[in-house]
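J.: Pasting the sequence and the predicted model now:
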Amino acid sequence: MNPAAFYPTATDYLRFLPELILTIGGVLLLVLEALTGDNKDKSSLGYLAIAVVLGAMFAVPVALANPGTSFNGMIVSDGFAAFFRMVTLLVGLFTLLCSTSYLSREKANTGEFYLLVLFSLAGQGIMAASNELIMVFLGLEIASISSYVLAGFLRDDKRGSEAALKYFLLGSFATAFLLYGISWIYGVTGATNLVAIRESLAAGTSGNSMAVAAAALMLIGLAFKVSAAPFQAWAPDVYQGAPAPVSGFLSAGPKAAAFAIFLRIFQTSFESFSSRYEPVLWILALATMLVGNFSALWQSNVKRMLAYSSIAHAGYVLVAVTTNSNVGTAAAMFYLAAYALMNFGAFAAVTHLAGRGESHVTIDDLKGLASKQPVVAGLLTVCLLSLTGVPLTAGFFGKFYIFKAAIDNHLYWLSALGLLNSAIAAYYYLRILAAMYMHEPKTTDHPEPVPGGIQLTMWFSAAGILTLGVFPGLVLDYANRFATFVK
Amino acid sequence: MDVILFTFFALVAIVGAVSLVLQKHPISSALSLVSVMVALSVLFLLLGAEFIAAAQLVVYSGAIMVLFVFVIMLLNAGAERESRKGGLAQFLGLPLTAILLVFASYVITQSMSNAKAVKFGAFTGGGPREVGWELFTRYLLPFEVTSILILIAIAGAVVLARKEID
């Protein structure tokens, strides 16, 4: 064979451009961090990281303008990949905007934080665009390892370290399941390319029950990453213990990327036996919604409540995945984008309100917020109403499209139970609202001013929620157009 | 002969893996892991993957395990203390593992009964030349992306191991 046939072309690089920019930016940051003195202010590195993420965002349309696979079918640049690259980059941007002031407050402003975020984003981008199980594994590991470290970034914080260790041990265990599944699939089909696996399974020459078992193993690994019940046990502890901006990051970014790869693998490679995994997904979706919503009812810690609510929202997305249709995929895409906005908006508010050492994170601490800080309370209200699914917010249309897709695909019971669940969920979101608006403030001390980055994040997410709540077509049309995969 | 070798080393690997978990002292666990690695490398060799067999032996049993043992010695880790907090895991752990294993072997025997078994020595192309060729042509991108993975692991270790933040 001639090696020249494998030389990457310029188009190959263009299709991989967002991740290239993130990686180069991350390495640059690593060097600059080492060059700046120990006692210097490191906020400038944060601004540089923001610039890198913005650059990667501009590279996403460039990659989309050159559709197709690159590097011998390792990466595929299509509308689906571009969508999830954009969502994860947006979450990353929010994280960086909220972190600079947070890290200064906690006296932990070092450059490593920003570089871990950048590399994690690169990993998530690889996941969104990978067309090969090896790339799936590598992207997942890059995203996960940076997440483990980010969760324990405040090293002197006991809960943070505990969260990081739990996340690391359980996460590695889940990855082992995914890898075991990949190795089985390779044993059955002799391929790791998603399309090649599909062709081999369709030809039906190889053991089909073994492929189903492999799919089950991979399902376990991915269900862990999206925190689906019964693999959700890590999420509350990690989101509660991790620094608030990191919790927001983990609950929106890596989860969206994991759903992207979930959808791509199961609708490309394993589509031929969709009837066999549909009941499993059905149960998974229902269990996830129930566990998330019912556990959230009893929480007094806002971060922990948002963690359970994020489990419940993963359940709603799983309903869309269960439909195994293009409409369902589009609904899941829309929902994950809307969820990224509303959930991060809520976590941005928590980041600000938690105060030094995150000592004010219970619902009691939010009492009377509306009279003390009306703007923050108002923006948080928009996010919470959207999480509830009130009309005129993005959350409403997100749920609407998901249950519409479910009914179109004759999943009547699942939709009915899902709607019941979102009614239960309204209770705990309203608890926060009631605390903010119907109680007197506990203390009369002067509130701290809201840092610019957090303000920007909250305004942007509130504006995004309302825009999508009025004009859902802006995102949905795009999602509908690109909800198909290269087969 | 192949089957005898396979059975022997597969058993060594399994016994080593079980003993790795059961041993109370970290050093004994580390040494059990060495035996697993060595047995695995023989299995790779039987399959014809010479390069991976050698790499397994040199990198895992050699370099990484020496590092493990060094760190355990430096940390002066003592024997493990029993924790009485197993709860549900204490009773369900073994049965669930057994169910998973039985299920896996059932699936394999079911779907592989009519398929060809692996022929020892039938596979060629596991030498350094072929592996290198594949790494730098077809699998170029995964190869390069692995370097990011290693970089992030090092950076993460530095972050978590730094003295204090101020």
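T.: All right, it came through fine.
J.: Could you show which parts of chain B are in contact with chain A?
T.: When proximity is defined as C-beta under 8 Å from any C-beta of the partner chain, chain B approaches chain A at B:103-104, B:107-108, B:110-112, B:115, B:133, B:136-142, B:145-146, B:148-149, B:151-153, B:155-156, B:158-160, B:162, B:164-166. Backbone N, C-alpha and C define where each C-beta goes, glycine included.
J.: Check which helix or strand residue 91 maps to.
T.: All of this is about chain A. According to DSSP states H and E, A:V91 maps onto helix A:79-105.
J.: Not quite, go with chain B.
T.: Counting by DSSP H and E, B:F91 is found in helix B:88-112.
J.: helices or strands up against that helix?
T.: On a contact count with 3 or more C-beta pairs under 8 Å, 6 or more residues apart in numbering or on different chains; DSSP states H and E, helix B:88-112 meets helix A:208-225.
J.: can you list contacts of the helix or strand that the helix it packs on is followed by?
T.: As assigned by DSSP H and E, the chain's next helix or strand after helix A:208-225 is helix A:234-241. For helix A:234-241, contacts defined as C-beta atoms under 8 Å, 6 or more residues apart in numbering or on different chains pick out A:151, A:157, A:159-164, A:166-167, A:170-171, A:224, A:227, A:247, A:250-251, A:295, A:301, A:303-304, A:306-308, A:310-311.
J.: hang on, the earlier thing: give me the PyMOL select line for the residues of chain B next to chain A, limited to the buried ones.
T.: Buried residues within those, by 16 or more other C-beta atoms under 10 Å in any protein chain shown, are selected in PyMOL with:
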select buried, chain B and resi 107+108+111+112+133+137+138+139+140+141+142+145+146+148+149+151+152+153+155+156+159+160+165
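J.: Give me the most central residue, chain B.
T.: B:M37 (6.4 Å; C-alpha atoms, centre = their mean).
J.: Could I get the full set of helices for the stretch 251-400 of chain A?
T.: Ranges of helices within the stretch 251-400 of chain A are A:274-297, A:302-323, A:326-353, A:369-372, A:374-388, A:394-408, based on DSSP state H, counting those that start in this stretch.
J.: between these, which one is nearest to chain B?
T.: Closest of those to chain B is helix A:274-297, at 13.1 Å (criterion: C-beta to the nearest C-beta).
J.: mind listing what's buried in the closest one?
T.: By neighbour count with 16+ other C-beta under 10 Å, helix A:274-297 contains the buried residues A:277, A:281-282, A:284-293, A:295-296.
J.: Quick one: mean pLDDT for that helix?
T.: Helix A:274-297 shows a mean pLDDT of 91.
J.: Distance from the chain centre to it, please.
T.: Helix A:274-297 sits 18 Å away from the centroid of its parent chain (C-alpha atoms, centre = their mean, to the nearest Å).
J.: Check stretch A:267-281 too.
T.: Distance of stretch A:267-281 from the chain centroid (C-alpha atoms, centre = their mean) equals 23 Å.
J.: Please measure how far the first residue of it sits from its last one.
T.: 13 Å (C-alpha to C-alpha, to the nearest Å).
J.: Next, A:E132: phi, psi?
T.: phi -150, psi 140 (degrees, to the nearest 10).
J.: separation between it and chain B?
T.: Counting by C-beta to the nearest C-beta, to the nearest Å, the gap between A:E132 and chain B amounts to 8 Å.
J.: pretty sure that residue contacts A:N193?
T.: Yes - taking contacts as C-beta atoms under 8 Å, A:E132 lies within contact range of A:N193: 5.2 Å.
J.: follow-up on the earlier one: and the helix holding B:F91, how far out from the chain's middle?
T.: 20 Å.
J.: re the thing from before, what subset of the contacts of helix A:234-241 is buried?
T.: By 16+ other C-beta under 10 Å, the contacts of helix A:234-241 give A:151, A:157, A:160-164, A:166-167, A:170-171, A:224, A:227, A:247, A:250-251, A:295, A:303-304, A:306-308, A:310-311 as buried.
J.: Which part of chain B gets nearest to chain A, residue-wise?
T.: For chain B, C-beta to the nearest C-beta, closest residue to chain A: B:S111, 2.8 Å.
J.: And the strands in the stretch 51-200 of chain A, which stretches?
T.: A:68-70, A:75-77 (DSSP state E, counting those that start in this stretch).
J.: Buried deepest among the ones you listed, which one?
T.: Most buried of these, by mean neighbour count (mean count of other C-beta atoms under 10 Å in any protein chain shown): strand A:75-77, with a mean of 26.
J.: Who are the packing partners of it?
T.: So strand A:75-77, by 3+ C-beta pairs under 8 Å, 6+ apart, packs with helix A:10-15, strand A:68-70, helix A:111-129.
J.: A:L384: which of those is closest?
T.: Proximity to A:L384 (C-beta to C-beta) singles out helix A:111-129 among those, at 25.6 Å.
J.: Please list all residues in contact with A:L281.
T.: A:L281 neighbours (C-beta under 8 Å, 6+ apart): A:L318, A:V321, A:T322.
J.: which of the residues you listed are buried?
T.: A:L318, A:V321, A:T322.
J.: Please identify which of the helices of the stretch 251-400 of chain A is closest to B:I14.
T.: Across the helices of the stretch 251-400 of chain A, closest to B:I14 is helix A:274-297 (C-beta to C-beta), at 29.8 Å.
J.: where along chain B do the helices fall?
T.: B:2-22, B:26-47, B:50-55, B:65-75, B:88-112, B:128-136, B:140-161 (DSSP state H).
J.: mean pLDDT lowest for which of those helices?
T.: Among the helices of chain B, helix B:88-112 scores lowest, at a mean of 81.
J.: Quick one: work out the angle between that one and helix A:208-225.
T.: 150 degrees (axes from the mean of the first three to the mean of the last three C-alpha atoms, to 10 degrees).
J.: Next one: A:T467 relative to A:F231, how far apart?
T.: 34 Å (C-beta to C-beta, to the nearest Å).
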